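> Next input, structure requested:
(one chain, ligands or ions: 2)
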Amino acid sequence: MRNPRDFFKPLAIGAPDPVREIPFPPSRMIHFLDFSNEKMVAKVPDIAPTVDILLGNLEDAVPVDRKEAARAGLVKVGRDIEFGDTQLWTRINALESPWVLDDLTTLVGEIGHKLDVVMVPKVEGPWDIHYVDRLLAQLEAKAGLDRPILVHAILETSQGVANLEEIAAASPRIQGMSFGPADLAASRRMKTTRVGGGHPGYQTIADPDPENPDAPRASYQQDPWHYSIARMVDACTAVGALPFYGPYGDIRDLEGCETQFRAAFLLGCVGAWSLHPAQIAIAKKVFSPDPDEVRFAKKVIEAIPDGRGVHMIDGKMQDDATWKQCRVMVDLAEMLARKDPELAEAYELEPAGT
Ligand SMILES: CC(C)(COP(=O)(O)OP(=O)(O)OC[C@H]1O[C@@H](n2cnc3c(N)ncnc32)[C@H](O)[C@@H]1OP(=O)(O)O)[C@@H](O)C(=O)NCCC(=O)NCCSC(=O)C[C@](C)(O)C(=O)O
Ligand SMILES: [Mg+2]
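Numbering: from 1, shown residues only. Ligands and ions are numbered 1, 2, ... in the order given. Here you go, the predicted model:
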């Protein structure tokens with residue numbers, strides 16, 4: 001057993017102290033880019049200010065013969081570009097791969113002061129986090145970093161799902177998790193070739209009508225991801241970390257993407273991945289709360305300043321618990337309004353600096 005008093009001590013001499021609270025800046029979309037792709041790199045100066053998080057992907061989707069170029073491209077962009085309040089993340093290669101050691105040593109050594117979060121794919125249990133945790137501490141100490149790099153786990157194997165709570169609590173570096181529906185489907189032998197979203201085969205069906213047994217029966221698509229995403233939300237929020245939905249692979253199906261993102265938002269996710277520029281606006285729309293909801297939540301908070309007792313507002317019962325629900329909505333709106341003057345106006349809140 002690890003001494004609980006040591007949890008917030010650095011894991012290497014000279015490494016920065018672990019954070020006590022996970023920061024929660026705007027995190028509506030993690031925009032994926034391959035920095036070995038010149039066309040994508042050319043778009044970075046334009047795209048970076050429009051996204052909350054820009055991620056240099058080194059793992060799947062980057063061909064083997066471009067792994068080193070993707071890493072070098074990320075180092076170059078990290079050195080050359082000032083990102084302002086846009087976070088810079090990376091997804092390293094899998095821990096079993098031949099590239100991951102160089103990914104971590106190079107990135108922390110060269111641009112560790114710019115990197116906010118390292119996303120670790122295919123995390124199976126706390127042992128994977130412990131490995132990265134200690135290695136990052138050693139590398140941070142060597143690079144003389146004064147703030148720790150946080151760790152984000154992708155939930156994309158059945159063992160990872162089985163060990164969710166232990167992964168979330170494995171280190172004070174755990175910033176959050178993303179849901180990886182493609183690898184997870186394969187790992188579970190689910191019979192779908194889609195990346196996220198529903199499937200027309202996954203349905204419930206109404207009983208036959210006894211009066212008319214041959215009549216068509218109502219049937220509805222169900223959400224095959226609900227159980228795992230809900231578990232991820234609980235595991236993350238139980239330790240103050242942030243849950244994210246991952247990718248939606250049907251790039252042209254904007255409505256399907258919006259629906260998948262919204263289901264995740266309602267369950268508690270703070271953001272999702274954008275794989276293509278067209279998905280950035282969808283994530284921004286979905287993960288910024290609806291102005292009508294914010295207006296109602298503000299009304300409740302203003303009407304019940306101490307958040308106590310029972311009240312009727314617009315025909316709905318409000319009490320201590322609903323007041324907290326409204327606080328979640330208004331806190332998120334206020335945080336986003338500080339970044340985005342358009343949202344500040346839509347929410348009738350003061351933008352930053354006023
Ligand atoms: C899907 C693809 C191939 C379509 O790329 P395309 O070039 O065919 O699309 P397009 O519509 O023709 O592109 C229009 C323009 O946008 C550019 N572009 C296109 N995408 C981006 C981007 N992300 N950022 C910036 N620019 C982008 C593209 O280069 C082009 O530029 P141009 O007008 O100058 O010709 C392409 O968007 C792409 O490669 N996206 C990233 C894919 C990726 O990172 N996949 C891995 C994450 S999902 C995953 O790993 C699963 C998971 C979690 O692990 C698990 O569930 O298991
Ligand atoms: Mg994957």
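
> Could I have the CA atoms of stretch 269-282 written out in PDB?
This file holds the C-alpha atoms of stretch 269-282, laid out as PDB (Å, rounded to 0.1, in the frame of the first residue of the first chain):
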ATOM      1  CA  CYS A 269     -18.900  15.200 -20.300                       C
ATOM      2  CA  VAL A 270     -17.200  18.500 -20.700                       C
ATOM      3  CA  GLY A 271     -16.100  18.100 -24.300                       C
ATOM      4  CA  ALA A 272     -15.400  15.800 -27.200                       C
ATOM      5  CA  TRP A 273     -12.800  15.300 -29.900                       C
ATOM      6  CA  SER A 274     -12.900  17.100 -33.200                       C
ATOM      7  CA  LEU A 275     -11.200  15.100 -36.000                       C
ATOM      8  CA  HIS A 276     -12.100  17.400 -38.800                       C
ATOM      9  CA  PRO A 277     -12.600  21.200 -38.900                       C
ATOM     10  CA  ALA A 278     -16.300  20.700 -39.500                       C
ATOM     11  CA  GLN A 279     -16.700  19.100 -36.000                       C
ATOM     12  CA  ILE A 280     -15.200  22.100 -34.200                       C
ATOM     13  CA  ALA A 281     -18.300  24.200 -34.400                       C
ATOM     14  CA  ILE A 282     -20.500  21.300 -33.400                       C
END
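
> and it, anywhere near ligand 1?
Yes. Stretch 269-282 reaches ligand 1 (CB under 6 Å from any ligand atom) through L275, H276, P277. No exception for glycine: its C-beta is placed from N, CA and C like everyone else's.

> From T106, how far out is the last one?
Read it as P277. To T106, P277 is 28 Å away according to CB to CB, to the nearest Å.

> Can you mark which positions in the helix or strand where M317 lies are buried?
In the assignment (DSSP states H and E), M317 maps to strand 316-318. For strand 316-318, the buried set under the neighbour-count rule, 16 or more other CB atoms under 10 Å, comprises Q318.

> Looking at P277 and T106 now, which is surrounded by more residues?
Legend: neighbour count by other CB atoms under 10 Å for P277 and T106, higher for T106 (18 against 15).

> Sticking with the more buried one, tell me its helix or strand.
Element membership for T106 (DSSP H and E) is helix 100-111.

> Run through who's touching that helix.
For helix 100-111, the surrounding residues in contact (CB atoms under 8 Å, 6 or more residues apart in numbering) are 58, 68, 71, 74-75, 78-79, 88, 90, 92-94, 115, 118, 132, 135-136, 139-140, 142-143, 145, 149.

> Could I have the PyMOL command that selects the buried members from those residues?
Per 16+ other CB under 10 Å, the buried members of the contacts of helix 100-111 correspond to this PyMOL selection:
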select buried, resi 58+68+71+74+75+78+88+90+92+93+94+115+118+132+135+136+139+140+143+145+149
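
> Okay, and which of the contacts of helix 100-111 map to strands?
Mapping those onto strands (DSSP state E) picks out L88, T90, V118.

> Go through these and name the one nearest R252.
T90 (27.5 Å; CB to CB).

> could you check the distance from the closest residue to that closest one other than its chain neighbours over to F83?
Leaving aside its sequence neighbours, T90 sits nearest to G56 (CB to CB, 6 or more residues apart in numbering; 4.6 Å). Counting by CB to CB, the gap from G56 to F83 is 12 Å.

> More neighbours: these two, which one.
Applying other CB under 10 Å to G56 and F83 shows that G56 carries more neighbours, namely 29 against 17.

> Just to be sure, that one is in a strand?
Yes. Checked against DSSP: H, G, I helix; E, B strand; the rest coil, G56 lies within a strand.
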